[in-house]
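Asker: dropping a prediction and its sequence here:
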Amino acid sequence: MTTKNLLVELFVEELPPKALNKLGQAFATTLFEQLKAMGLATSESVATPYASPRRLAAHISHVLLKAEDKPLQQKLMPVSVGLSADGKATPALLKKLSALGADVSDPVAAVAALKRAPDGKSEALFYDSLATGATLDSGLQKALDAAIASLPIPKVMSYQLQTDCALPGWSSVHFVRPAHGLVALHGSTVVPVKALGLSAGNRTLGHRFEARKAQIVIAEADDYANLLRQEGAVIASFSERRAEIERQLAAAAAQVGGGVSPVNDEALLDEVTALVERPNVLVCQFEPEFLDVPQECLILTMKANQKYFPLLDASGRLTHKFLVVSNIAPQDPSAVIGGNERVVRPRLADAKFFFDQDRKKTLADRLPGLAKVVYHNRLGTQGERSQRVRAIAHAIVNQLRMATVPFTVEAKDEFEVLDSKAQQAALLAKADLLTDMVGEFPELQGIMGAYYARHEGLRDGVAIAIEDHYKPRFAGDALPRNHTGTVVALADKLETLVGLFGIGQLPTGDKDPFALRRHALGVIRILIEKNLPLELPALVAGAASVFGELISEPSESLQSFIYDRLAVNLREQGFSAQEVEAVLALSPARLGDVPRRLEAVRAFAALPEAAALAAANKRIGNILKKAGDVHPQVSESLLLEPAEKALFGAVQSTEPQANTLFDTHDYTASLRTLAALRAPVDAFFDDVMVNAEQEDLRLNRLGLLKRLHVAMNRVADLSRLAA
């Protein structure tokens with residue numbers, strides 16, 4: 001059948017920029033899927049989305065004017081209900097056929113046209129017909145209604161349409177923004193659909209100021225993008241407009257020279273793309289004296305408030321020049337450049353004022369103010385929280401000091417100094433929450449604290465720790481840079497987790513208002529990637545102890561939560577579910593050991609003996625579970641069968657070597673030694689009756705299996721590898 005390309009456009013007032021790309025994609029995707037489901041779009045059809053500040057549109061190729069008719073078989077009723085004993089149609093059958101549009105003037109012929117087929121335990125009557133294919137007029141109307149209804153609108157507006165009735169404005173419409181135009185073209189033909197009080201036509205509007213014509217007539221669906229670009233001064237495609245902005249940003253930076261480059265911010269690029277229809281990048285500048293303010297403040301105010309692209313030099317330092325993406329392209333851009341420079345100057349002056357004012361007061365002077373800031377109505381103030389973080393940091397340093405595995409500190413940073421720095425940083429870490437700069441830009445908390453700490457002459461390790469104690473802030477973020485920051489970051493996250501779990505504020509489903517999953521992942525990453533010789537149960541218990549009677553004991557539920565997050569994280573890294581389950585089934589106290597255990601399990605699983613040993617391990621576990629409390633004690637005098645003697649000898653020779661390797665954290669070699677047990681284990685189960693009638697023999701054999709089970713499962717629960 002003949003197909004033509006389809007264009008649908010909704011022309012609206014300025015759409016929310018942060019949602020524009022998602023709205024455009026959703027509009028086109030839903031239209032396409034709906035048309036395809038109705039058979040109006042073919043296998044060759046391709047949907048192209050368009051989204052600009054004032055329009056959502058979709059171009060769909062190879063769309064039919066009418067979908068093909070399809071054979072349809074419908075079950076009517078059981079034969080016993082539809083036919084009488086002599087095979088004639090019952091009134092119920094005739095009524096059903098009539099409702100389906102069948103000709104029942106000749107009941108005998110109507111029955112003859114039906115099919116009989118088994119349906120479960122009985123036989124049923126089936127009616128074959130031809131389902132008329134959907135027309136584009138009706139099908140597009142349904143698809144358009146569905147596309148509008150399913151748009152991921154962040155916030156719906158309500159507005160009223162002017163109508164011809166006696167009360168103007170009587171008809172209310174709910175949409176993301178007021179709509180003013182609807183285009184629906186199948187080739188060159190207008191499809192008579194309606195939406196949001198609008199009837200479809202073939203006219204749209206271009207750029208507010210730079211369009212060549214007041215209205216643009218779209219003769220063909222395929223003319224849309226080119227016509228808008230040439231006559232309307234609009235790049236309709238979001239992706240094309242984004243690529244054009246990237247190209248112009250790079251060209252403008254090259255024009256400035258000196259190896260500068262625009263700040264890399266994908267979210268900002270998306271937002272600016274959603275704000276302009278015809279991008280035009282211009283170079284602007286501000287007074288160099290503003291560079292005395294921390295560059296994070298200047299960059300944030302330019303990006304967040306003005307949507308500018310600051311220019312950084314080759315070493316990543318902010319320059320006094322920035323790029324503006326204008327929505328107009330005048331022959332003389334000086335007025336646009338001057339206007340943007342005038343606009344940014346007060347913003348930068350505010351940042352300089354905040355910075356100067358904040359430095360008149362030390363971080364320590366702000367601590368009493370934290371006692372007035374409520375952290376949680378059941379956990380007290382930020383001041384009380386700071387004291388808890390300080391106490392937890394002290395406990396962590398003591399645990400590091402007492403660790404059986406040596407913890408290397410910098411030559412100048414022995415444990416006493418580390419403890420002093422960590423406690424000082426923990427106490428001051430939240431003080432910058434009361435500064436004007438962080439009040440204006442909450443994203444700078446920690447960063448500004450570090451600047452103010454350096455201004456006061458505090459030790460650089462303390463300043464870095466104040467900045468880094470929030471790290472990692474998000475997935476893939478860097479970890480704290482020094483030991484002090486590591487201790488304080490760990491203490492801060494543990495305080496949050498223990499406190500909120502202790503009062504029952506657990507995440508539920510997709511709701512996690514306190515970002516506890518992120519905090520748990522932060523603890524996991526710090527312990528593993530820093531390879532800290534700290535044990536999770538001791539960390540949780542130490543943190544819980546500083547709360548006193550404020551909370552209930554959270555240890556078991558919190559540790560399970562952390563292990564669950566660890567399991568998800570490890571699977572995302574590419575470890576199999578079996579490997580992860582085998583290691584985490586033992587709930588290893590030191591998370592820093594987990595990667596080595598996983599690699600050991602993976603290496604073990606590749607051995608030819610692995611499958612048999614994993615299966616045997618699972619069998620042993622089941623036997624011991626049924627046997628109850630079994631002690632790993634073996635009396636050689638009660639070993640009667642050659643197979644059990646051989647297994648005992650193999651365990652005695654293998655166990656010390658495996659344990660020595662385990663104690664030195666060489667988990668791969670420790671598991672590899674177990675390969676020697678395959679033959680004696682197989683022989684044992686072939687030749688020895690474990691549940692012997694004689695009690696002392698039975699208990700001795702169970703003790704041998706218990707000893708074997710313990711030796712085999714120190715690195716991981718190998719039974720989890722069994723098929």
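Answerer: Received the coordinates, thanks. Numbering: from 1, shown residues only.
Asker: how about the closest residue to residue 668 other than its chain neighbours, what does it touch?
Answerer: Excluding its sequence neighbours, the residue lying closest to residue 668 (C-beta to C-beta, 6 or more residues apart in numbering) is residue 600, at 4.2 Å. (Each C-beta comes from the backbone N, C-alpha and C, glycine too.) Counting by C-beta atoms under 8 Å, 6 or more residues apart in numbering, residue 600 touches 667-668, 670-671, 715-716.
Asker: do that again at 6 Å, thanks
Answerer: Residues in contact with residue 600 (C-beta atoms under 6 Å, 6 or more residues apart in numbering) are 667-668, 671, 715.
Asker: separation between it and residue 677?
Answerer: With distances taken as C-beta to C-beta, to the nearest Å, residue 600 is found 16 Å from residue 677.
Asker: cool, residue 70 as well?
Answerer: Distance, residue 70 to residue 677, using C-beta to C-beta: 64 Å.
Asker: neighbour count winner among the two?
Answerer: residue 677 (25 against 11; other C-beta atoms under 10 Å).
Asker: list the contacts of the more buried one.
Answerer: residue 650.
Asker: need the per-residue pLDDT for it.
Answerer: pLDDT recorded at residue 677 is 90.
Asker: returning to what we had before: just the element for the residue nearest to residue 668, please.
Answerer: Assessed by DSSP states H and E, residue 600 sits inside helix 594-605.
Asker: the helix or strand that residue 613 is a member of: how far from the chain's middle?
Answerer: In this structure, residue 613 sits in helix 610-627 according to DSSP H and E. With C-alpha atoms, centre = their mean, to the nearest Å as the basis, helix 610-627 stands 38 Å off its chain's centre.
Asker: list the helices and strands that helix packs on?
Answerer: helix 678-687, helix 695-712 (3 or more C-beta pairs under 6 Å, 6 or more residues apart in numbering; DSSP states H and E).
Asker: kindly export the shortest one (C-alpha atoms) in PDB.
Answerer: Once non-C-alpha atoms are left out, helix 678-687 reads as follows in PDB (Å, rounded to 0.1, in the frame of the first residue of the first chain):
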ATOM      1  CA  ARG A 678      38.500 -33.400  45.100                       C
ATOM      2  CA  ALA A 679      39.500 -37.000  44.800                       C
ATOM      3  CA  PRO A 680      39.400 -37.900  48.500                       C
ATOM      4  CA  VAL A 681      36.100 -36.100  48.900                       C
ATOM      5  CA  ASP A 682      34.500 -38.000  46.000                       C
ATOM      6  CA  ALA A 683      35.900 -41.300  47.300                       C
ATOM      7  CA  PHE A 684      34.500 -40.500  50.800                       C
ATOM      8  CA  PHE A 685      31.000 -40.000  49.600                       C
ATOM      9  CA  ASP A 686      31.200 -43.100  47.300                       C
ATOM     10  CA  ASP A 687      32.600 -45.500  50.000                       C
END
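Asker: pretty sure residue 143 contacts residue 35?
Answerer: Yes. The pair residue 143 / residue 35 is scored as a contact, 5.2 Å apart, by C-beta atoms under 6 Å.
Asker: quick test: name the residue nearest the centre of the chain.
Answerer: residue 475 (8.9 Å; C-alpha atoms, centre = their mean).
Asker: which SSE is immediately downstream of the lengthiest helix in the chain?
Answerer: Longest helix in the chain by number of residues (criterion: DSSP state H): helix 334-358. Proceeding N to C from helix 334-358, the next assigned helix or strand is helix 363-370, under DSSP H and E.
Asker: so where's this protein uncertain?
Answerer: 1, 162-170, 404-406, 408-413, 723 (pLDDT under 70).
Asker: the residue nearest to residue 288 when sequence neighbours are not counted: neighbouring residues, count only.
Answerer: Spatially, and ignoring its direct neighbours in sequence, residue 288 is nearest to residue 320 (4.5 Å; C-beta to C-beta, 6+ apart). By the measure other C-beta under 10 Å, the count of residues near residue 320 is 16.
Asker: just the one 4 residues further on next, same as before
Answerer: For residue 324, the neighbour count with other C-beta under 10 Å is 24.
Asker: all the strands of the stretch 101-250 of the chain, residue numbers only.
Answerer: Using DSSP state E, counting those that start in this stretch, the strands of the stretch 101-250 of the chain run over residues 115-119, 122-131, 157-161, 171-175, 179-186, 189-190, 194-195, 198-199, 203-204, 216-217.
Asker: er, the stretch 351-500 of the chain I mean
Answerer: Using DSSP E, counting those that start in this stretch, the strands of the stretch 351-500 of the chain run over residues 374-376, 380-381.
Asker: any chance of the strands of the stretch 101-250 of the chain in CSV, with mean neighbour count and distance to residue 360 too?
Answerer: Putting the strands of the stretch 101-250 of the chain into CSV (neighbours: other C-beta atoms under 10 Å; distance: least, C-beta to C-beta, whole Å) gives the following:
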stretch, mean neighbour count, distance to residue 360
strand 115-119, 12, 87
strand 122-131, 15, 79
strand 157-161, 13, 45
strand 171-175, 14, 50
strand 179-186, 21, 53
strand 189-190, 14, 68
strand 194-195, 16, 59
strand 198-199, 14, 59
strand 203-204, 20, 57
strand 216-217, 16, 59
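Asker: so which of these is nearest residue 16?
Answerer: When the strands of the stretch 101-250 of the chain are ranked by proximity to residue 16, the top entry is strand 157-161, at 10.2 Å, counting by C-beta to C-beta.
Asker: in the helix holding residue 600, what's buried?
Answerer: Residues of helix 594-605 classed as buried by neighbour count (16 or more other C-beta atoms under 10 Å): 594-598, 600-601, 604-605.
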